[in-house]
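1. Have a look at this fold, sequence not included:
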């Protein structure tokens, strides 16, 4: 459900101003001047980091939705009052199914002459899908308030706010989740969602601060993703040395020839900024533009 990125603010309900994901601080990116040769690797890196974030945000948000539902389901099935908890999880799974798997198309044409139900939810238009998701999430809140599924649904709601670029609302929702559930097993997703919501408002300094809890300590879960976010945000702010230090730390702790969460993204940047750190067997691929 990604929208075309623009540099003009749009107005949401109640007159709230919403701003599309930033094109980074162009004022801090040196322009190429005739006679001075081509731009250096870091200048290109700022542009590449910005483009990548615009592409990645919807994928991260989709991950928040799906993983939140899965973990909530596992937790709910372990709790007491199993029937009620299972029903709450089913309601959340329904909302997530509409969001992640729903298809907007010609419903009549796709279902004509079919003997079995269509394998994914179908909607005549985007508005109908949105209404279905909202209704399912509301049902979780009304029928399973306080359940594990309801807690996870709060993350789904926050992610959907970011999807429609209501970043200020998403920021508030994530901050509330972090305050209300400081020990929750999905805390890492709330932290990442908050970072993206801040970034979406152009609050790069605050987004950088939000990256630090994600980075945590060596060996922490999701630290690799936190290092990647912090490094690319530092690139966006023109802090070349600090960004490179984080990329080097990533490579040290998560060797690029082994799987890690942000492996491909970091590899693309290291190929440009510090190619000597790239294992020989991985250095033959095309460098990031």
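-> Received the coordinates, thanks. Remember, predicted model here, so these are calculated numbers, not experimental data.

2. Count the residues that sit near residue 261.
-> Neighbourhood size, residue 261 [other Cβ atoms under 10 Å]: 16. Every residue, glycine included, has its C-beta placed from N, CA and C.

3. Can you classify it by secondary structure?
-> Using DSSP: H, G, I helix; E, B strand; the rest coil, the structure places residue 261 in coil.

4. How is the chain divided into domains?
-> Using automatic domain parsing, the domain parsing of the chain gives 51-202, 213-289.

5. Can you add mean pLDDT and give these back as TSV?
-> Formatted as TSV, those follow (pLDDT from 0 to 100):
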stretch	mean pLDDT
domain 51-202	76
domain 213-289	90
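
6. And residue 125, its phi and psi?
-> Main-chain torsions, residue 125, degrees, to the nearest 10: phi -150, psi 170.

7. Which residues does the closest residue in space to it that isn't next to it in sequence form beta bridges with?
-> Setting aside the residues directly before and after it, residue 125 is nearest to residue 104 in space (Cβ to Cβ, 6 or more residues apart in numbering), at 6.0 Å. For residue 104, the beta-bridge partners under DSSP bridges are residue 123.

8. how close does residue 104 sit to residue 117?
-> 17 Å (Cβ to Cβ, to the nearest Å).

9. higher neighbour count, the two?
-> residue 104 (15 against 9).

10. Could you verify my assumption that that one touches residue 123?
-> Yes: with contacts counted by Cβ atoms under 8 Å, residue 104 reaches residue 123, the gap being 5.1 Å.

11. how many other residues sit next to the closest residue to residue 124 other than its chain neighbours?
-> Closest residue to residue 124 in three dimensions, ignoring its sequence neighbours and counting by Cβ to Cβ, 6+ apart: residue 107, at 5.3 Å. The local packing of residue 107 (other Cβ under 10 Å) involves 15 other residues.

12. That's all I had, so thanks and see you.
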